[in-house]
Every structure is written in C-alpha cells, then in structure tokens.
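Visitor: for reference, the sequence and a predicted model appear below.
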Amino acid sequence: MSVAVETSVSRMSLPVPTHFSHAEQTFSLKKRHLPFSSSSNSNSSYCSPSHLSHSLPPLPPSKGCPPLSRMFPQQPTPWTPLSGSLSKTPPPNAVYDPSKQQSYFDQCYTNLGLLGRGSFGEVYKVKSNLDGRQYAVKRSAHRFRGNSERSRSTREAKNHERLCPHPHILDFVAAWEECGRLYIQTELCSTSLLLHAENQPPGPDEPAAWAYLCDLLSALQHLHSLDFVHLDLKPANVLITDSGRLKLADFGLLFELKKKSTGSLEGKGKDDIQEGDPRYMAPELLRGEYGPAADVFSLGVSILELACNMEVPNGGEGWQQLRQGCLPSEFTSGLSAELQAVLRMMLAPEPSERLTVSELLSLPSVRKHRWRRRIYLVVAETTLTLLSFCQLAVCFGCRLLSSLHLSFLPHWSKPVPSTPPKGSWDKDLTLPLSAMHADSGSPEDDAVFLLDQTDVELSPTFSHRVTSRLSLDSTSTPLPKSLRHSHRSPAHTPTHSNLGDWSSCNLAQAPFSIHSNGSCHTLTPSISPLHIELFADSMNEKSTQSPHSVANKSLQRRSWIRTEEALPRPNFEPKNLLSLFEDTTVEP
Ligand SMILES: Nc1ncnc2c1ncn2[C@@H]1O[C@H](COP(=O)(O)OP(=O)(O)OP(=O)(O)O)[C@@H](O)[C@H]1O
C-alpha cells in the first residue's frame, strides 16, 4: 500500500509511456513457490519465505508503550455466537456443555491440523463432532484489542453469512467469539487459487483463465447485486474445491455501498475502509472512489496474472502502466484476441469506461466459456459424488462381511485385545505352542490363542499368501500332492514363524489389509461361513490333538468337500481353499 500512496497516481498525473520496453522490464514470469515442508498439507507453503514477500509484514509491536491489553485489562469473553446460524440453533448439550472447562472449539471439533496462515489468523482443518464432516475454522491470531476491532470482525462474519449460499462464494457455516478471538467455520476447500496456480507447469494457460473468469464473474455478480464490493479480490483470496470450482473468500474488506451509517455493525463509512493489496488495486481507489468497477479491475489483474503465469508488479513503472490501460504485450501476445479484448475492457483506467460484471457476462465469448464451464463442473462434481458413494458402499460392504465372519466364528465373541503390549508379542514369538499351552493355565486361555489364530485369515500376511495362492490357482497349476497331504497331518504343530504371523493379526486392520492388495473382491465373496467354521475347527483339532475328534472332523470335512466340489465355483475350488487355510500352519 505504501508504494501506492507514494506514487499518488491519478490517471491524469501519470506520464504516458513512450517506450513500453521500460514497462516490460517491470513484469516478470511467475516465481514458483516450493512447499515449505514435506507435510501432507500443501498449504503449508504459505509459510515459506518466498510467500512472505507476497503479504505485507505484520506491524512490529510498539516498544514505546505497553500493550493495550495491559493498560485496559479485559476479561476474555466466554463463548458468544456471532452468526445467525449458531444463535438460532446452538449445539446440543451433548456436544457442547458450557459448564465444562474445555473451550467450545475443543468440545465441538477435532482439530486435524493447520491449513495455512494469513495476516489475520490461522486456518485449521477440523472434523465437526456434531455432524462428523470436515470443515475449515479460521481463528484470529490476536485477541480483540478493543471494541472497534471486535465490531470489524463481527461485521466480517455477519456479511459473509449474508452472502451465502452461492455456488461461487465460500460456504459460511458458523462464527463465534471465544476468549476474545473470532472463529469462522466455513466449508473445506482443497487449496487457494494462488497456490494452485503456482503448482501448474510454467507457461500461459488460457483455458484455465477462462474458467476462473467465469466462476469469479458469477461470484461478483452475486456480490454486486447485494450492493457489496469486495475490494480485495486476488488469487490468494479465492479458494478451489476438489472438483475445481472456485469460491470467493476473505470478506474482511467488504464494503456495503448503500449503508451510510458508520455506527452499524454491518456497514462502514469510507473513513473506515482499509485498502487491499496494491498489486490488484484499481486506480480510482486512490481518489477515494469505491464502487463495483474496482472489483472488475482487480479481477482483470488476477486473470492477467493467471493466464500469462506472470508476477504482477507491486509498484514502479509496470504498476503505473497497467493502470494506464497498457498490457505487457510480451506476455499477452500468446493469448487469443478474445481474451486480450476482455482483459482490456476490464482494465480500462476509468471506472466509467470499464465494463460492468453484467456486461462482461453478456459478451458472446464469455457466454460460450461459461456454458462449457457449467458442463465441466456438473460432470466433475457428479463424478466425485459417485466416487465417494462407491467408496462408502465398498467400506460398508467390507464392514458387513467382516462382521458376518465374526458372527460365524464360535470363539470370537470373547474380546481380543487388538494391540497387546509389544512385550507380550515378543514373548509369544519366542515360545513354541506347547510351551504356551503349559504356561496358560486354563482352556479359556487356549481359546484366546485360538482366537488369535483365526485372526490370521484377515492378516496382511495371510491375505498375501491367499493372493499368491489364488494367482497360482488361476494359472491352473496344481499344488504338489505331497504338500497338500502333509498339511492334513494331525500331528502337526505350528512353528514360531507361523505363530508370528498369527500373533501379528489385528482384526481392526484386517479388512483394509485385504483390500489394499486387491484380493478382497476375489477372496471375500468366495469364503463361506462354512469355510471359516471348518478353518476354526481345524485349528481346534490341531490344538486338542484328539485322534477321535480329528477323524470325525476329517470325515465331516471330506463330506463337505464333496458337496462343495459338486457346485461350480467361479474363482477357486473349496478344497484348494481348505488346503490354503492349512498352509498357514505348515512346518517349513
Ligand atoms: N476454507 C478453507 N479451506 C481450505 N484451505 C483454506 C480455507 N481457508 C483458508 N485456507 C488456507 O489457509 C490459508 C490462510 O487463509 P487466510 O484466509 O487466513 O489467508 P489469507 O487470505 O492469505 O489471509 P489474509 O488475506 O487475511 O492475509 C489460505 O491461503 C488457504 O491456503
């Protein structure tokens, strides 16, 4: 802003450039900002040193006088809803209990991590404990330092709420004040348009620029129809959803045109207006002329930046020439005549000469791209919805199947610790089964071991072996007879390694392990409850070692195999499956 003030440019006072080459030197290709850390959240790049050059540094605290909070000590306010949504329908007591010590945020949300930091505050990804969905919560960096700061924040939240819902405005959910800080809960997006653009390959991207233009014109049309002007439109203040839809955000500088009163919460007078980012600022704002045309200019600069993948100047010659209606031809020459013409009409120096949002939307070129954009978004969003629906269905199916398996296993009703202390695993791994039997005093304890053994069916190692076996079967290569025979030996005792596999079984993880290696669709539908029961029985018979019961079970198994063999099975033979189960207990 200081640069802008320094220059004190009005259109008349700016010298008309004679050699545009001077101006060309002031524009540059977009610098690519590498992520700051390798954390999963790409938005963390917002904290990178290169990003810091984009935003104005925060004012250092004054050393001359004590902070206001010390001069006027304030009692941090308790939780106060600031949005109509929260005032009308506060969360139920089961979710938020004001008598508890925990804050509203801690009680109502699970914090999933930091999304990014702005000059105003920090944005967190959260899961709502009320509906289980994910959102973004923006928290102001500092406590309010007085009533004017509080009312400005309250105004931002209330204005944001008034603008929603709209398909190209960031969805507002709730706002509240707690301990002197403002919290705003909004929909969760994937990133900001600025970060998204910086991660694109270098070079112009005109189709993307048209798409951005259509979305943001739609957002501005809505805003201007409600007599608001944004005054801070720039790629950093636009968010992008998973489907690629743009959402206008950050309404901290929103100005309501028809509100005269400066005292009301929603409106602010011209004296109260803060200036936005100088790179995107319309020239008439320096003369104190605030109107919708200023947003059109800022949008023009943003689209120029995104279409040409260039840095827009912060000041100097380039800044002035852009406000004289001169576009940097070395960057714009790669664009179509259509887009160049639209940019010229948006960047006209005089607000009265600039096209309004409605006029821009009625241009044939814009209408054509808007129509395409709508189709693209419908397809992208429908595909995403279908994908998440399929994911849900698969998850549900897996859970159902695993619970079915559980109910058919005789001993699984006894709770098994899924993650026992590591020491106990280690101990188990070093003991032969017989020694374990000797250690365990009761048959009940044996049952626990058996439960663990049956878990093997769902363990990653087991599924891996099943997969390899299935693939063997699918090549129609029969297993060596001797191997199969030896599996059925009643004298068999599991080895350490086998126990290791069994002991590493974790029921909670099991369905996902099977899925992750892609065998679930083959394995799960083909295992009948009877298979599992037989498997469990075979485990029992191995541990009890009663020749009589073994003979009986073998008989049952053989008769079952005959019955099953008569039925055509698409994937593999039951007898193969049975031997497969027994493979897990074979001695090397
Ligand atoms: N709803 C959201 N969903 C996903 N990410 C978000 C959301 N809101 C903000 N972010 C991320 O957090 C970062 C910081 O957000 P914030 O609005 O505070 O930044 P900013 O607009 O750069 O700040 P300011 O303009 O106030 O300096 C954004 O750049 C964006 O990457």
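Guide: Good, I have the coordinates. Predicted, not measured: the structure shown is a model, and the values here were computed from it.

Visitor: whatever residue of the stretch 51-200 of the chain ends up closest to the ligand: how many residues sit nearby?
Guide: At 2.0 Å from the ligand, G118 is the closest residue in the stretch 51-200 of the chain, using Cβ to the nearest ligand atom. In this view, the C-beta of every residue, glycine as well, is placed from N, C-alpha and C. Here the number of neighbours of G118 (other Cβ atoms under 10 Å) works out to 16.

Visitor: same deal with L386?
Guide: Neighbour count of L386, defined by other Cβ under 10 Å: 10.

Visitor: that one: helix or strand, and which one exactly?
Guide: L386 belongs to helix 364-408 when assigned by DSSP states H and E.

Visitor: ditto for S119
Guide: If you go by DSSP H and E, S119 is not part of any helix or strand.

Visitor: look up phi and psi at it.
Guide: Per-residue torsions, S119: phi -70, psi -20 (degrees, to the nearest 10).

Visitor: now do the same for it: its pLDDT.
Guide: At S119, the model reports a pLDDT of 84.

Visitor: please apply the same query to C395.
Guide: Here, the pLDDT recorded for C395 equals 89.

Visitor: which helices and strands does the helix holding L386 pack with?
Guide: helix 206-225, helix 337-346, helix 357-361, helix 510-516, helix 520-526, helix 529-544 (3 or more Cβ pairs under 8 Å, 6 or more residues apart in numbering; DSSP states H and E).

Visitor: the inter-axis angle of it versus helix 206-225?
Guide: Calculated by axes from the mean of the first three to the mean of the last three Cα atoms, to 10 degrees, helix 364-408 forms an angle of 90 degrees with helix 206-225.

Visitor: helix 364-408 to helix 337-346, inter-axis angle?
Guide: 100 degrees.

Visitor: okay, how far is it across stretch 139-150, tip to tip?
Guide: Separation of the first and last residues of stretch 139-150 by Cα to Cα, to the nearest Å is 13 Å.

Visitor: residue numbering should commence at 36 henceforth.
Guide: Understood, numbering begins at 36; the last thing we discussed is stretch 174-185.

Visitor: may I see the buried residues of it?
Guide: Using 16 or more other Cβ atoms under 10 Å as the burial criterion, the residues of stretch 174-185 that qualify are 175, 178-179, 184-185.

Visitor: among those, which lie within strands?
Guide: Judged by DSSP state E, the subset of those located in strands is S175.

Visitor: strands of this structure, start to end?
Guide: For the chain, the strands defined by DSSP E occupy 63-64, 115-116, 144-152, 156-163, 169-175, 207-213, 216-222, 226-227, 263-264, 273-275, 281-283, 290-291, 345-346.

Visitor: of those, which is nearest E319?
Guide: Judged by Cβ to Cβ, the one of the strands of the chain that comes nearest to E319 is strand 263-264, at 11.7 Å.

Visitor: avg pLDDT for the closest one?
Guide: On average, the pLDDT along strand 263-264 is 97.

Visitor: what does stretch 362-382 give?
Guide: 96.

Visitor: coming back round to it: how much space between the residue of the stretch 86-235 of the chain closest to the ligand and A176?
Guide: 9 Å (Cβ to Cβ, to the nearest Å).

Visitor: lowest average pLDDT across the strands of the chain?
Guide: Note on the strands of the chain: strand 63-64 shows the lowest mean pLDDT, a mean of 76.

Visitor: sheet partners, orientation included, of it?
Guide: strand 345-346 (antiparallel) (DSSP bridges).

Visitor: now render the strands of the chain as CSV, adding distance to V401.
Guide: Below are those laid out as CSV (distance: least, Cβ to Cβ, whole Å):
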stretch, distance to V401
strand 63-64, 27
strand 115-116, 40
strand 144-152, 31
strand 156-163, 32
strand 169-175, 30
strand 207-213, 27
strand 216-222, 26
strand 226-227, 24
strand 263-264, 20
strand 273-275, 18
strand 281-283, 15
strand 290-291, 25
strand 345-346, 22
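
Visitor: and these: which comes nearest S438?
Guide: When these are compared by Cβ to Cβ, strand 156-163 sits nearest S438, at 24.4 Å.

Visitor: got the residues of the stretch 236-385 of the chain near the ligand?
Guide: Listed as neighbours of the ligand in the stretch 236-385 of the chain under the rule Cβ under 6 Å from any ligand atom: 271-272, 274, 285.

Visitor: rerun at 8 Å
Guide: Residues of the stretch 236-385 of the chain lying near the ligand by Cβ under 8 Å from any ligand atom: 267, 271-272, 274, 282, 284-285, 287.

Visitor: so which two of the residues you listed are the farthest from each other?
Guide: Spatial extent of these (Cβ to Cβ) is set by the pair K282 and G287 at 15.7 Å.

Visitor: between the two, which one's more packed in?
Guide: K282 (23 against 20).

Visitor: pretty sure that one contacts I204?
Guide: Yes: if you go by Cβ atoms under 8 Å, K282 and I204 touch, sitting 6.3 Å apart.

Visitor: quick check: neighbours shared by these two?
Guide: A254 (Cβ atoms under 8 Å, 6 or more residues apart in numbering).

Visitor: ok, for D267, nearest residue in space, not its chain neighbours?
Guide: G311 (3.7 Å; Cβ to Cβ, 6 or more residues apart in numbering).

Visitor: domains for the protein, by residue range?
Guide: The chain is divided into the following domains under the TED database: 111-222, 226-294+309-412.

Visitor: okay, the ones you listed, which one's buried deepest?
Guide: Of the domains of the chain, the one with the most neighbours on average (mean count of other Cβ atoms under 10 Å) is domain 226-294+309-412, at a mean of 19.

Visitor: now the end-to-end length of that domain.
Guide: One end of domain 226-294+309-412 sits 17 Å from the other (Cα to Cα).

Visitor: ok, the residue nearest to P125 when sequence neighbours are not counted - contacts?
Guide: Distance criterion Cβ to Cβ, 6+ apart; nearest residue to P125, sequence neighbours excluded, is P116 at 6.6 Å. Applying Cβ under 8 Å, 6+ apart, we find P116 in contact with 122, 125, 209-211.

Visitor: got CSV for the domains of the chain, with distance to L421 too?
Guide: Output for the domains of the chain, formatted as CSV (distance: least, Cβ to Cβ, whole Å):
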stretch, distance to L421
domain 111-222, 19
domain 226-294+309-412, 12
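
Visitor: look up how far the ligand lies from V377.
Guide: Using Cβ to the nearest ligand atom, to the nearest Å, V377 is found at 26 Å from the ligand.

Visitor: surely that residue meets A244?
Guide: No: using Cβ under 8 Å, V377 is not in contact with A244, being 9.7 Å away.

Visitor: tell me which parts of the protein are close to the ligand?
Guide: The chain comes close to the ligand at residues 78, 81, 90, 150-158, 160, 170-171, 173, 205, 221-227, 229-230, 267, 271-272, 274, 282, 284-285, 287, as judged by Cβ under 8 Å from any ligand atom.

Visitor: all good on my end, thank you.
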